[in-house]
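Q: make a model of this:
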Amino acid sequence: MPLVSIITPSYNQAAYLEHTIRSVLLQTGVEIEYCVVDGASNDQSLAIIQRHAGRLAWWVSEPDQGQAEAINKGLDQAQGEYVAWLNSDDLYLPGAVQKAVAALQADPALGLVYGDAITIDQAGRPLNRLSFGNWGLLELLGFRIICQPAVFMRRSVLEAALDADQAGYLDRSYHYMLDHQLWIRMARLAPIRRLPEVLAAARQHAEAKNVKQAPAFSQEIGRILEWIPTQPDLAPLYRQNRRFIHAGAYRLQARYYLDGGQPGTALRYYAKSAVNQPNYALKHWHRMIYALLSLAGAKNLAERTLRPASARQKRHSLASVLSTTSDLATFQDWPGLNLNA
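A: Below you'll find the model as predicted:
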């Protein structure tokens with residue numbers, strides 16, 4: 001049975017940590033080496049970790065310099081042939097690790113696999129399904145984003161990316177787009193592949209970085225955009241596909257600025273994306289209109305016009321889909337999920 005190393009970095013996430021840990025420990029069909037790296041939390045996190053300590057391969061609670069350093073600590077301990085990390089407010093769904101490992105074993109050339117995911121709210125109620133294309137290095141350079149908790153890596157390729165770049169497994173100078181920069185470093189070395197499976201649940205809540213600090217993501221997208229042409233092996237792809245890459249970067253920056261409550265800045269970046277690749281940018285016309293109406297003080301109108309389905313309708317629809325893709329009882333009883341609200 002293959003050994004899979006899972007790392008959970010955490011800081012003051014006691015509200016969700018129990019469910020995250022259980023969603024890992026309930027995985028079947030593989031041997032899991034589970035490490036929890038806590039940043040000296042001052043809530044109830046330590047008690048939760050200690051409660052599960054007998055099933056953890058390694059854990060620590062000490063100050064760190066942020067998420068990248070915490071994950072790197074765990075990866076330094078990892079012995080598994082396959083590795084992944086799961087943040088302390090996210091969940092694996094039933095069978096996720098086994099499905100990912102089966103795909104990696106079936107094709108030894110693959111460096112990583114990724115699946116689809118769902119978003120959930122603070123109470124574990126489904127919000128949206130996040131579906132992705134079967135993307136490769138070029139698409140990652142063009143800032144087509146994959147969902148981090150649904151990513152599983154081959155350790156040998158991760159280590160090769162470390163040796164090639166000398167940036168650590170995760171570059172500690174990144175705090176927001178740290179995962180995407182790593183995916184690029186790995187995809188330059190080996191193929192990646194999408195699995196048509198829903199593997200994880202990514203939680204959206206007021207304290208999540210992608211909600212609370214959305215504009216900071218835009219700044220790090222800019223950093224990666226500047227970094228790409230400095231890499232000798234990536235520079236030719238960058239020159240050949242400059243408009244594609246810039247259009248993707250500007251579109252993603254626009255989305256984060258919009259999520260961060262800066263519609264004016266978002267519109268400027270949507271315009272920059274359109275200059276580089278009009279057809280791609282215009283696929284996101286609804287967000288442009290939302291930004292324009294928000295800037296004009298008509299945000300409520302924008303929400304009524306462009307988001308007609310109620311949250312409850314969307315939740316029920318997604319819960320129904322999930323219930324038909326696996327054993328209903330498994331999903332209903334899964335830690336952290338709430339399909340009945």
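Q: buried residues, stretch 243-257. List them.
A: Neighbour-count burial for stretch 243-257, counted by 16 or more other CB atoms under 10 Å, picks out 244-257. All C-beta spots, glycine's among them, are computed from the backbone N, C-alpha and C.
Q: biggest separation within those, which pair?
A: Phe244 and Tyr257 (20.8 Å; CB to CB).
Q: still on that earlier bit, tell me which of the buried residues of stretch 243-257 is nearest to Tyr280?
A: Distance to Tyr280, by CB to CB, is smallest for Ala247 among those, at 5.3 Å.
Q: now the closest one, what's its secondary structure?
A: helix (DSSP: H, G, I helix; E, B strand; the rest coil).
Q: the one 3 residues further on now?
A: Recorded secondary structure, Tyr250: helix (three-state DSSP).
Q: ok, now how distant is it from Pro263?
A: 15 Å (CB to CB, to the nearest Å).
Q: of the buried residues of stretch 243-257, closest to Ala161?
A: Using CB to CB, those come closest to Ala161 at Ile245, 19.9 Å.
Q: format the buried residues of stretch 243-257 as JSON lines; extra columns: distance to Asn340.
A: As requested, these are exported to JSON lines (distance: CB to CB, whole Å):
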{"residue": "Phe244", "distance to Asn340": "44"}
{"residue": "Ile245", "distance to Asn340": "44"}
{"residue": "His246", "distance to Asn340": "45"}
{"residue": "Ala247", "distance to Asn340": "42"}
{"residue": "Gly248", "distance to Asn340": "38"}
{"residue": "Ala249", "distance to Asn340": "40"}
{"residue": "Tyr250", "distance to Asn340": "41"}
{"residue": "Arg251", "distance to Asn340": "36"}
{"residue": "Leu252", "distance to Asn340": "34"}
{"residue": "Gln253", "distance to Asn340": "38"}
{"residue": "Ala254", "distance to Asn340": "36"}
{"residue": "Arg255", "distance to Asn340": "31"}
{"residue": "Tyr256", "distance to Asn340": "32"}
{"residue": "Tyr257", "distance to Asn340": "36"}
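Q: between the residues you listed, which sits nearest Ser156?
A: When these are compared for distance to Ser156 (CB to CB), Ile245 comes out closest, at 28.0 Å.
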